[in-house]
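> I would like to see how this sequence folds:
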Amino acid sequence: MITQWSPRQAGQRAAGLVAQLAVLTWLWQALGLGPVGWLTGTGFAAGVWALLTAALHRRPSARLGPADWVTQGRAVLVGGVAALVAGGLGGATPVTPLVALASVALVLDAVDGQVARRTGTASELGARFDMEVDAFLILILSVYVAGPYGAWVLAIGLMRYAFVAAAWAVPWLRAGLPPSMARKTVAAVQGVTLAVASSGLLPALVTAWTLALALVLLGWSFGRDTLWLWGRAPAVSVSADGSAVSAPAVSAPAVSGSAVSGSAGTASAPVRVWTRTRSGTGPGTRPSATPGPAVRASAPPAIPSQRSGPVRTGPARRS
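Sure thing, here's the model as predicted:
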C-alpha cells in the first residue's frame, strides 16, 4: 500500500518542530533552560513528529484537519512543560511559566474538539492525537507534583499507560468504548487538579486530599470501563494491526452423539472450539490461542445430578 505524500501535511509536522524549538529558545533565554530541559523538549517534539508520520503512513486516507493544528499547538505547550519539569529535577522549577503553559494547554483541550465538530473534520486519528497529548501532560504534571506530595501521585499519570500495557496481554481490553461524559469529566479533573497542585495556591493538606480524591475518581473511571469491557467481551482475536476483533459464533452441522443436560438426552449444546495457531512463521514464533467457530460437539453421558441445565465444555469465557 502506497501512501500519498502531502507537502501540506509534511509542512504542518515540520511547523510543530519549529514551534517547539521556538518555545525552548524562549525558555532558555528567559529562564535559563538547561541541557536536560532542551533534550527533553526536543525529544518530545521529535517523538510527536515520528508518531504522526507513522500514523499517516498506516492510514493513507487520514488527513490532519484544522482541529489537529490546535492539538499540535497544545503538544508544543506540553513539550515546554516537560522541558521545565525535566530541567528542574534536582533543583528549582519555575512555577509560574510551568502553570501558565499547562493551563493554556488544558483550556485548548476544549477548543480542538469544538473546531473538529464545527468544521466536520473529526477523525479517529485526531481523537487519538488529542488523547495522547492529554495523557502525556497529566503524566508530566504528576511527576512534578509527586516531588512535594509523594510517589503515590504518579499513579494518576501512569494509570492510563498501565491500562494500555494490560491491553497487550488481554485482547478484549482493546475493544472500543462508548462515548462517556463522565469519562471526559474525570480526565479534565485530573489535569485541573494537578495544575492547581503545581501552583501551590492551596494549603498542602487541602491539596493532598484533592489529589487523593482525583485519584479515586480516576480509578473508578478505569474500573467502570474495565468492567464494561469484561461484561461484553466475546471471544476475541487479534488482527494483523494489533486491534481486537470479535469472533462471532457460527453454527455448524451437528455431530452425531449423545448430549448432556441434567441427565442423558438427545439435544446437543453449542461449544466454542479453541485451536492452537502460530502468529507469524519461522523459528521463534510463539503459539497463541485463537477462537474457532462454534460447533455442536457431543459429550459422554454425565452422572445425573440435582442441578439441571447444560454442562459447559471447553474453556470458560466471559459473556
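
> alpha carbons of stretch 205-214, as PDB, please.
Coordinates of the C-alpha atoms in stretch 205-214 are reproduced here as PDB (Å, rounded to 0.1, in the frame of the first residue of the first chain):
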ATOM      1  CA  LEU A 205      -3.300  19.400  53.400                       C
ATOM      2  CA  VAL A 206      -6.200  20.500  51.100                       C
ATOM      3  CA  THR A 207      -4.100  19.800  48.000                       C
ATOM      4  CA  ALA A 208      -3.200  16.300  49.200                       C
ATOM      5  CA  TRP A 209      -6.900  15.500  49.900                       C
ATOM      6  CA  THR A 210      -7.800  16.900  46.500                       C
ATOM      7  CA  LEU A 211      -5.200  14.800  44.700                       C
ATOM      8  CA  ALA A 212      -6.400  11.700  46.600                       C
ATOM      9  CA  LEU A 213     -10.000  12.400  45.500                       C
ATOM     10  CA  ALA A 214      -8.900  12.800  41.900                       C
END
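
> contact partners of that stretch?
Residues outside stretch 205-214 that contact it (Cβ atoms under 8 Å, 6 or more residues apart in numbering) are V145, Y149, V153, I156, V189, Q190, T193, L194, V196, A197, G200, L202. Bear in mind the C-beta positions are built from the backbone N, C-alpha and C, glycine included.

> dump these to CSV, plus secondary structure and distance to P66.
Listed next are the contacts of stretch 205-214 as CSV, based on DSSP: H, G, I helix; E, B strand; the rest coil; distance: Cβ to Cβ, whole Å:
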residue, secondary structure, distance to P66
V145, helix, 33
Y149, helix, 38
V153, helix, 35
I156, helix, 31
V189, helix, 27
Q190, helix, 27
T193, helix, 30
L194, helix, 28
V196, helix, 30
A197, helix, 33
G200, coil, 36
L202, coil, 37
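
> biggest separation within these, which pair?
The span of the contacts of stretch 205-214, defined through Cβ to Cβ, is set by V189 and G200 at 18.9 Å.

> more neighbours: which of the two?
V189 (16 against 13; other Cβ atoms under 10 Å).

> which residue ranges form the strands in the chain?
Ranges of strands within the chain are 236-238, 244-246, 259-260, 264-265, 270-278, 287-296, based on DSSP state E.

> which pLDDT value belongs to A212?
For A212, the model assigns a pLDDT of 97.

> run a quick neighbour tally on it.
When neighbours are counted by other Cβ under 10 Å, A212 comes out with 15.

> now swap in W220 and tell me
12.

> likewise for the one 3 residues further on?
Under the neighbour criterion other Cβ under 10 Å, G223 is assigned a count of 10.

> same check on L125?
18.

> over to A175?
17.

> what's the answer for F129, then?
Counted by other Cβ under 10 Å, the residues lying close to F129 total 23.

> do the one 10 residues further on as well
The burial metric for L139, expressed as a neighbour count using other Cβ under 10 Å, is 20.

> what does A122 show for phi and psi?
Dihedral angles of A122 (phi, psi; degrees, to the nearest 10) stand at phi -60, psi 140.

> isn't it right next to P66, touching?
No. If you go by Cβ atoms under 8 Å, A122 and P66 don't touch, sitting 10.7 Å apart.

> hang on, the earlier thing: mean pLDDT lowest for which of the strands of the chain?
Sorting the strands of the chain by mean pLDDT places strand 259-260 lowest, at a mean of 35.

> ok so, going back, out of the contacts of stretch 205-214, flag the one nearest to R118.
Of those, the one sitting nearest to R118 (Cβ to Cβ) turns out to be V189, at 25.4 Å.

> quick one, what contacts the closest one?
With Cβ under 8 Å, 6+ apart, V189 has these contacts: A214, L217.

> look up the pLDDT of it for me, please.
pLDDT at V189 comes out at 95.

> for it, give its distance to Q114.
20 Å (Cβ to Cβ, to the nearest Å).

> and the helix ranked longest in the chain, what's buried?
Ranked by residue count under DSSP state H, the longest helix found in the chain is helix 204-231. Within helix 204-231, the residues scored as buried using 16 or more other Cβ atoms under 10 Å are 207-208, 210-211, 214-215, 217-218, 221-222, 225-226, 229.
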